[in-house]
Every structure is written in structure tokens, then in C-alpha cells.
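Participant: When you get a sec, could you give me coordinates for this:
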Amino acid sequence: MPLFCQMAVCMLQVGCDFLADIHGDEEIEYNFLAGNEGIPAWDDRLKGLQDEFCQAFLHTSPDFQLGWAAQTFLNIFKAFSTLFPP
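Facilitator: Predicted structure coming up:
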């Protein structure tokens, strides 16, 4: 079973409060979080968890960013999720 499917099954079985989908891109030499804003259960609590994680990651990793790449990925994710809703 592909890793993604295994993770999805586990998250459905035990639940998941926060998923850090971290991406790296050699072209722009940054790491960024593919945000969770598009999930149906998105709320202020989850936003707070994600913001807290991002601030801690920014503090510890000079390669992490919250700028262009992260926003571009989020826009792609939102467009994709409208085509294939859960």
C-alpha cells in the first residue's frame, strides 16, 4: 500500500489534530508548509496550532518560509479540492 494511503487510513482510525505537510523545492531553496486551510474541519483552534508550529519552525530553520511558495501551493490545493471534494 502506498505511504499516502497508509497515512490516510491511520488518520481515519485514530484521528489527527494537525498534519505538517512540509515541502522542499530545490529551485527556490526553501522549505514550506502546505497549509491545512482547505480541510472541512478548519477552525480557529487548528489555525492556532498551525501558526504555532510555523513560528517554531521559522525560529529553528533558516530555510523555512511563509511567503510565495507556501501561498502558491495553498492556491493550487484550494483549486484542486474544489474539483475533487472529500
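Participant: Tell me how many other residues surround Asp51.
Facilitator: 11 (other CB atoms under 10 Å). The way it works is simple: take the backbone N, C-alpha and C, and place the C-beta from them, glycine included.
Participant: which stretches of this structure form strands?
Facilitator: Taking DSSP state E to define them, one finds strands in the chain at 22-25, 30-33.
Participant: Partner strands of the first one and their direction?
Facilitator: According to DSSP bridges, strand 22-25 has the following sheet partners: strand 30-33 (antiparallel).
Participant: Using CSV, list the CA coordinates for the partner strand.
Facilitator: Taking Å, rounded to 0.1, in the frame of the first residue of the first chain, the C-alpha atoms of strand 30-33 are listed here in CSV:
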residue,chain,number,x,y,z
TYR,A,30,13.2,26.9,0.6
ASN,A,31,11.0,24.6,2.7
PHE,A,32,7.4,25.4,3.2
LEU,A,33,4.2,24.1,4.8
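Participant: pLDDT averaged over it, what's the number?
Facilitator: For strand 30-33, mean pLDDT is 74.
Participant: before we move on, what about stretch 42-51?
Facilitator: 88.
Participant: one step back: would you turn the strands of the chain into a markdown table with distance to Pro62 and mean neighbour count?
Facilitator: Formatted as a markdown table, the strands of the chain follow (distance: least, CB to CB, whole Å; neighbours: other CB atoms under 10 Å):
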| stretch | distance to Pro62 | mean neighbour count |
| --- | --- | --- |
| strand 22-25 | 13 | 12 |
| strand 30-33 | 10 | 20 |
